[in-house]
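Q: my questions concern the predicted model and sequence given below.
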Amino acid sequence: MGEATYYCKLKFKDEEQASINYPKIKEYFAEGMEASDFWQENRGKDEEQFWLEFEKNFPLIYRYVKEFHPNADCNNGLSGALDFGDEIEDLTLNENEVWYFAYVWHFADWEPLLDFICNMVGAEYSWLSDEYAELFDLL
């Protein structure tokens with residue numbers, strides 16, 4: 001399975017807004033990481049039971065999934081949707097921006113993942129995958 005490093009910046013109007021919202025963003029990514037692990041450990045199990053446990057244990061991520069992936073099943077339907085990465089330490093606050101990078105499945109789609117949290121906290125974002133970046137262009 002191919003993987004790539006994804007990068008994102010969530011930009012706020014000022015440092016104060018970034019500082020206020022940083023803990024919420026961190027909570028979202030941490031819960032997403034746990035939800036991803038739960039999904040991997042419970043793929044293909046009873047659909048109804050899966051979603052009951054998922055909603056109970058990961059309420060914020062459940063809301064994200066139901067909003068952006070409403071027809072996803074608990075087997076392959078969440079592929080690309082729960083690629084939050086593994087290291088919450090890679091989430092950092094830099095002045096009026098929150099930066100994050102993670103090594104994830106190379107077909108992950110961070111658009112809905114970031115739309116959800118940025119709508120909640122009032123940030124703008126940009127993201128890219130190193131799979132589509134040519135670092136020599138920066139020289």
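A: Yep, that arrived.

Q: report the contact partners of the residue nearest in space to the middle of the chain.
A: With distances taken as Cα atoms, centre = their mean, the residue of the chain nearest its centroid is residue 84 (4.0 Å). Neighbour list for residue 84: 29, 32-33, 35-36, 102, 104, 113 [criterion: Cβ atoms under 8 Å, 6 or more residues apart in numbering]. For every residue, glycine as well, the C-beta is placed using N, CA and C.

Q: distance check, it against residue 78.
A: Noted for residue 84: a distance of 11 Å to residue 78, by Cβ to Cβ, to the nearest Å.

Q: sec struct for the residue nearest to the centre of the chain, please.
A: Following DSSP: H, G, I helix; E, B strand; the rest coil, the label given to residue 84 is coil.

Q: now residue 49
A: On the basis of three-state DSSP, residue 49 is classed as helix.

Q: next, count neighbours for it.
A: 11 (other Cβ atoms under 10 Å).

Q: and the helices in this protein, which stretches?
A: Counting by DSSP state H, the chain has helices at residues 15-42, 47-57, 59-68, 110-121.

Q: give me the contacts around the last one.
A: Residues from elsewhere that reach helix 110-121, judged by Cβ under 8 Å, 6+ apart: 6, 8, 10, 12, 21, 24-25, 28, 32, 63-64, 67-69, 81, 83-84, 123-125, 127.
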